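Colleague: Provided below for reference: sequence and predicted model.
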Amino acid sequence: MAILIDETKRVIVQGITGREGRARTKLMKGYGTNIVGGVTPGRGGQEVEGLPVFDTVEEAWENLGPIDVSVVFVPAPLVRGAAMEAIEAGVKLLVIVPDRVPIYDVLEIVKAADSAGAKFVGPNTLGVLSPGKGVLGMIGGRAASAQAWFFPGPVGICSRSGGITSSMTYYLAQAGIGATTLVAVGGDAIVGLPLPEVVRLFEGDPETKAIVMFGEIGTSQEEQVADLIEQGQVTKPLIAYIGGKGAKGGTRFSHAGAIIEGGRGTREGKVARLSEVGAHVVENFGDIPAVTKKVLQEIGVL
């Protein structure tokens with residue numbers, strides 16, 4: 001199995017005629033993602049990568065049939081409108097790639113998604129990839145590199161950083177360890193599927209035997225993951241690395257959501273809490289493959 005994306009999911013791209021939309025549609029289609037069309041207002045009737053373009057998500061749904069996922073590649077000020085349109089049309093999963101989406105707009109999307117029983121990844125995400133099955137967004141850069149770098153295996157990988165998501169998966173692959181799904185949850189303070197929700201999904205996936213997580217300073221996502229472990233809601237081994245060792249209060253570390261404020265969200269606090277509940281917290285990023293391999297051997301997977 002895989003979480004969020006597999007070869008059966010029917011996908012559209014909102015903003016498909018833009019530069020990024022075109023480039024990433026080529027990646028996703030080339031990787032094997034089941035993309036059925038795209039949406040750009042005023043560009044209905046065109047084609048991109050052989051895919052039909054419609055003016056609205058509703059029109060795409062009427063012509064193409066039910067749509068499972070929309071990948072959003074529109075300018076940040078237009079994200080709210082695009083997301084609302086997809087949710088109202090019935091799409092149950094959105095991947096919102098752009099950064100700098102206003103927080104108020106994200107809160108409105110959260111409210112609409114909750115009301116409709118929908119979910120979204122991002123904003124400010126590279127997306128989701130299930131090796132050999134499909135990619136949503138821009139992980140891997142090109143189809144050929146994504147196919148060469150990543151292969152199926154027993155580890156679920158999640159991170160607040162898109163680049164680190166790819167890096168962890170690449171280095172694990174070099175050590176002979178494949179992945180079920182890669183999820184870049186997004187680097188903003190408020191995201192649709194934060195780390196604890198993604199870890200829950202991995203817990204429910206029978207093919208995921210262990211979880212590798214990259215965390216950062218700021219927010220309480222990592223502490224919430226520790227709470228799930230303590231409560232017995234997550235029982236699979238968790239290997240974690242927390243970035244931001246040198247960051248001081250008020251310093252933003254890479255992402256909008258990675259900032260220590262009022263003594264909360266410190267690296268030390270996250271490391272202590274995860275260690276307390278039995279997670280395998282590594283001090284050096286380069287140790288992730290060796291520790292992961294050891295954990296998999298201990299549970300009889302390798």
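Modeller: Yes, it's here. Numbering: from 1, shown residues only.

Colleague: for the protein, what spans make up the strands?
Modeller: 11-14, 35-39, 47-48, 51-54, 69-72, 93-96, 119-121, 127-130, 134-137, 152-159, 179-184, 210-215, 238-242, 280-281 (DSSP state E).

Colleague: how far does the fifth one sit from the chain's center?
Modeller: So that's strand 69-72. The chain centroid and the centroid of strand 69-72 are separated by 12 Å under C-alpha atoms, centre = their mean, to the nearest Å.

Colleague: hey, C-alpha coordinates of that strand in PDB?
Modeller: Taking Å, rounded to 0.1, in the frame of the first residue of the first chain, the C-alpha atoms of strand 69-72 are listed here in PDB:
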ATOM      1  CA  VAL A  69      -6.600  14.800  -6.100                       C
ATOM      2  CA  SER A  70      -5.800  18.400  -7.200                       C
ATOM      3  CA  VAL A  71      -2.200  19.700  -7.300                       C
ATOM      4  CA  VAL A  72      -2.300  23.500  -7.000                       C
END
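
Colleague: so which of the strands of the chain is nearest residue 193?
Modeller: strand 119-121 (5.2 Å; C-beta to C-beta). Using the backbone N, CA and C atoms, a C-beta is placed for each residue, glycine as well.

Colleague: what residues sit buried inside that closest one?
Modeller: 119-121 (16 or more other C-beta atoms under 10 Å).

Colleague: neighbours of residue 220, how many?
Modeller: Neighbours of residue 220 under the rule other C-beta atoms under 10 Å: 17.

Colleague: correction: the previous question concerned residue 144.
Modeller: 12.

Colleague: pLDDT value on the residue nearest to it when sequence neighbours are not counted, please?
Modeller: Of all residues not flanking residue 144 in the chain, residue 30 sits nearest, at 7.6 Å (C-beta to C-beta, 6 or more residues apart in numbering). According to the prediction, residue 30 has pLDDT 96.

Colleague: now residue 30: how far from residue 23?
Modeller: 11 Å (C-beta to C-beta, to the nearest Å).

Colleague: tell me what the closest residue to residue 16 other than its chain neighbours is bridged to.
Modeller: Nearest non-adjacent residue to residue 16, counting by C-beta to C-beta, 6+ apart: residue 38, 2.7 Å away. Beta-bridge pairing of residue 38 under DSSP bridges involves residue 13, residue 53.

Colleague: isn't residue 38 right next to residue 13, touching?
Modeller: Yes: judged on C-beta atoms under 8 Å, residue 38 makes contact with residue 13 at a distance of 4.3 Å.

Colleague: what do those two both touch?
Modeller: Residues touching both residue 38 and residue 13 (C-beta atoms under 8 Å, 6 or more residues apart in numbering): 21, 25, 48, 51.

Colleague: what is the neighbour count of the second one?
Modeller: Around residue 25 there are 27 other residues, counting by other C-beta under 10 Å.

Colleague: what about the helices in this protein?
Modeller: Taking DSSP state H, the helices of the chain run over residues 19-31, 57-64, 76-89, 103-116, 143-149, 162-174, 195-203, 221-230, 267-276, 288-298.

Colleague: give the contact list for residue 224.
Modeller: Residue 224 touches 194-196, counting by C-beta under 8 Å, 6+ apart.

Colleague: relative to residue 80, how far out is it?
Modeller: In terms of C-beta to C-beta, residue 224 sits 26 Å off from residue 80.

Colleague: likewise residue 151?
Modeller: Plainly put, residue 151 is 37 Å away from residue 80 if you go by C-beta to C-beta.

Colleague: what's the answer for residue 281, then?
Modeller: In terms of C-beta to C-beta, residue 281 sits 37 Å off from residue 80.

Colleague: one step back: shouldn't the residue nearest to residue 144 be in contact with residue 140?
Modeller: No: with contacts counted by C-beta under 8 Å, residue 30 stays clear of residue 140, the gap being 10.0 Å.

Colleague: mind giving me the domain ranges of the chain?
Modeller: 1-124, 150-302 (automatic domain parsing).

Colleague: which one of the ones you listed lies nearest to residue 136?
Modeller: Closest among the domains of the chain, once you apply C-beta to C-beta, is domain 1-124, at 4.5 Å.

Colleague: let me know the pLDDT of the residue of the chain positioned farthest from its centre.
Modeller: Here the chain reaches farthest from its C-alpha mean at residue 45, the gap being 31.1 Å by C-alpha atoms, centre = their mean. pLDDT, residue 45: 98.

Colleague: brilliant, that's me finished.
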